[in-house]
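**Q** A predicted structure for the sequence below; I have some questions about it.
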Amino acid sequence: MSKLFSTTHIPAISGRKEPPSLRRFAQEEDGALTFAALAMLGGMILIGGIYFDMQRNEMERVRIQNTADRAVLAAADLDQTLDPTEVVQDYFDKAGIPDRANSVTVDEGLNFRTVSVNSDSVTPTNFMNMLGIDELPLRSYAEAEERVNNVEISMVLDISGSMSEGDKMSQLRDAANVFVDTVINPSTEDLVSLSIIPYSEHVSAGPEIMSHFNVNWNNSYSHCMEFSESDFDTSTMRRNKTYKQVQHFDWGYNGYSNTLDTPVCPSGSYEDIVAFSQDVAALKYKISQLVPRGSTSIFAGMKWAAGLLDPDFNTITQSLIASGDADEAFSARPASFNDHETLKTVILMTDGKNHYSYRINDNYYANASHAAHWNRYNLDWYLSRYVQSYYHNQFKYLKYWPDYGDTLLGNVCDAAKEKNIVIWSIGFEVSDHSAGVMENCASSPSHFFRVEGVEIKDAFKAIARQINQLRLTQ
């Protein structure tokens, strides 16, 4: 007998709810946050790596550029006797990057040298290679040039009495000679003109230059022009003005002798201006003839220095060339102030400060007889012996004094700088006050040199080298 087995059918329940533990597992988000944080961290590391690669590349580029700049500056120096290409490579060798100077180009001629170096290489990347960038470019270029273009120089030398102290005059002569040799050489032929303006209590223009101005002559002994206060407000030597001639007399004495060796305006040709020359031998001979004498009027020296650089002086230059008193190569000088191919510069030197300067009242210096009289007698010596002290002030008056001289100097220096004349000044064993006055006259504080003893030679040489300065062109 068989048994009948039956199966119980359990229908599916579609709306059944999962246990609470399963619901919590389905809703859990902790894992998702972990993945996002990891992705963000990876991105930040990659960005940091990219920054690291780029920063390392930039640091290397700067190192190469700085080396290249220094290298071409040294190689382009016209005083550099070594091969310019070797000089550049030596800089890269010593910087530890000998293979970075890919190509060096040298172009030079009689009065210039241009040196350029190109560096074109790469740096490998440490992180950017994950993006398919295996290297970053390294490119740098530097070029330097020393070129002596047209240069007009007025060198103003203090030869007042204080220059007789110690070895001052000898040191000045050596320094001035070094300057001449540095700025004038075969490579600067017909490019650099030098005028020398010696000064003491005044400036002797010399008969040739003086003859080109309207002057009321009062003596035949000297060649100085009297300036008014307004003359120091401009660089121009006014051609439409009638100047008074500076009186020829000596007003200082030691109480015993009738001294006549330091007149307000000197009569010796050794103090006359030399204009627009490139004759090294003649310039050095002029320097060797300078003799200390008299008082100090720095402003007068600076006035003439600016005047010789003012284009209005050009017609006088041409006349000086015709008479053999200037170099014919400089017939177009002084150039116009807007000639960008011409550098106009003044080197103004003093060992002291602006001092006192007297004049004889006009009624006692009115004719040739008066001029002859004062050519024989020191003013103060004569007054002390032949004129009662009560009447002394009737014979003379004070024309210049230190503070007034400083003002006039400042005015003419400002007028020159407004015309883009570059002014270098040298204070040779000067007081703090004089140093301040000379620094104020200079084109900038870095254009002023305060020196002692033989340092004056270094100052003149440094100025000469900077006149022929290197220009980093790119």
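**A** Nice, thanks for sending it over. Numbering: from 1, shown residues only.
**Q** host element of Met59?
**A** Element membership for Met59, per DSSP states H and E: helix 30-76.
**Q** So which bits of stretch 282-297 are buried?
**A** 283, 286-287, 290, 292-297 (16 or more other C-beta atoms under 10 Å). Quick note: C-beta positions are derived from backbone N, CA and C, even for glycine.
**Q** pLDDT averaged over it - what is it?
**A** Per-residue pLDDT over stretch 282-297 has a mean of 95.
**Q** for it, how far is the first residue from the last?
**A** 26 Å (C-alpha to C-alpha, to the nearest Å).
**Q** if we can go back for a sec, contacts for the helix or strand that comes right after the helix holding Met59?
**A** As assigned by DSSP H and E, the chain's next helix or strand after helix 30-76 is helix 84-94. The contact list for helix 84-94, computed with C-beta atoms under 8 Å, 6 or more residues apart in numbering, reads 67-68, 70-72, 74-76, 80, 98, 100-101, 104, 106, 108, 113, 115, 117.
**Q** Now the buried members of those residues.
**A** 67-68, 71-72, 74-76, 100-101, 104, 106, 108, 113, 115, 117.
**Q** And those, which two are furthest apart?
**A** Arg100 and Glu108 (23.6 Å; C-beta to C-beta).
**Q** so what are the domain limits for the chain?
**A** Domain segmentation of the chain under automatic domain parsing yields 36-147, 150-472.
**Q** So which of those domains is the most surrounded?
**A** domain 150-472 (a mean of 19; mean count of other C-beta atoms under 10 Å).
**Q** chain center to that domain, what's the gap?
**A** Put simply, domain 150-472 sits 20 Å off its chain's centre (C-alpha atoms, centre = their mean, to the nearest Å).
**Q** Please apply the same query to stretch 135-146.
**A** Its chain's average C-alpha position is 28 Å from that of stretch 135-146, according to C-alpha atoms, centre = their mean.
**Q** ok, which stretches of the stretch 351-474 of the chain are strands?
**A** Applying DSSP state E, counting those that start in this stretch to the stretch 351-474 of the chain gives strands spanning 357-360, 396-400, 422-428, 448-451, 470-472.
**Q** can you pull out the helices in this protein?
**A** Taking DSSP state H as the test, the helices found in the chain are 20-27, 30-76, 84-94, 168-183, 207-210, 280-288, 298-307, 314-322, 368-376, 379-386, 392-395, 402-418, 432-441, 455-467.
**Q** so where's the chain shaky on pLDDT?
**A** The model of the chain has pLDDT under 70 over residues 1-33, 35-39, 41-43, 45-46, 49, 110-111, 148, 254-255, 469-474.
**Q** Not counting its neighbours along the chain, what's nearest Asp190?
**A** Ala329 (4.2 Å; C-beta to C-beta, 6 or more residues apart in numbering).
**Q** From what I see, the one you found and Ile184 are in contact.
**A** No - assessed by C-beta atoms under 8 Å, Ala329 is found out of contact with Ile184, at 11.9 Å.
**Q** who touches both of these two?
**A** Counting by C-beta under 8 Å, 6+ apart, the residues touching both Ala329 and Ile184 are Gln278.
**Q** residue contacts, Leu157?
**A** Counting by C-beta under 8 Å, 6+ apart, Leu157 makes contact with 172, 176, 196-199, 287, 290, 301, 349.
**Q** Ser369: which of the residues you listed is nearest?
**A** Tyr199 (29.6 Å).
**Q** mind listing what the closest residue to the closest one other than its chain neighbours touches?
**A** Of all residues not flanking Tyr199 in the chain, Gly301 sits nearest, at 3.4 Å (C-beta to C-beta, 6+ apart). Each residue near Gly301 by C-beta under 8 Å, 6+ apart is listed here: 156-158, 197-199, 203, 348.
**Q** how does it look with 6 Å?
**A** 156, 197, 199, 203 (C-beta atoms under 6 Å, 6 or more residues apart in numbering).
**Q** can you check Met225 too?
**A** Tyr243.
**Q** Who does it form a beta bridge with?
**A** Met225 forms beta bridges with Gln245, as assigned by DSSP bridges.
**Q** Number the chain from 805, please
**A** In the new count, where the first residue is 805, that last one comes out as Met1029.
**Q** and it, how far is that from Asp1262?
**A** 35 Å (C-beta to C-beta, to the nearest Å).
**Q** Disregarding residues adjacent in the polypeptide, which is nearest to Asp978?
**A** Lys1261 (5.6 Å).
**Q** Ala979 is in contact with that neighbour, correct?
**A** Yes - Lys1261 is within contact range of Ala979, at 4.2 Å (criterion: C-beta atoms under 6 Å).
**Q** and Asp994, how far is that from Asp1076?
**A** Asp994 is 24 Å from Asp1076, by C-beta to C-beta.
**Q** And for Met932?
**A** 74 Å.
**Q** same check, this time on Asp1155
**A** 21 Å.
**Q** residues contacting the residue nearest to Arg860 when sequence neighbours are not counted?
**A** Sequence neighbours aside, Thr927 is the residue nearest to Arg860 in space, at 6.6 Å (criterion: C-beta to C-beta, 6+ apart). Residues in contact with Thr927 (C-beta under 6 Å, 6+ apart) are 861, 864, 940, 942.
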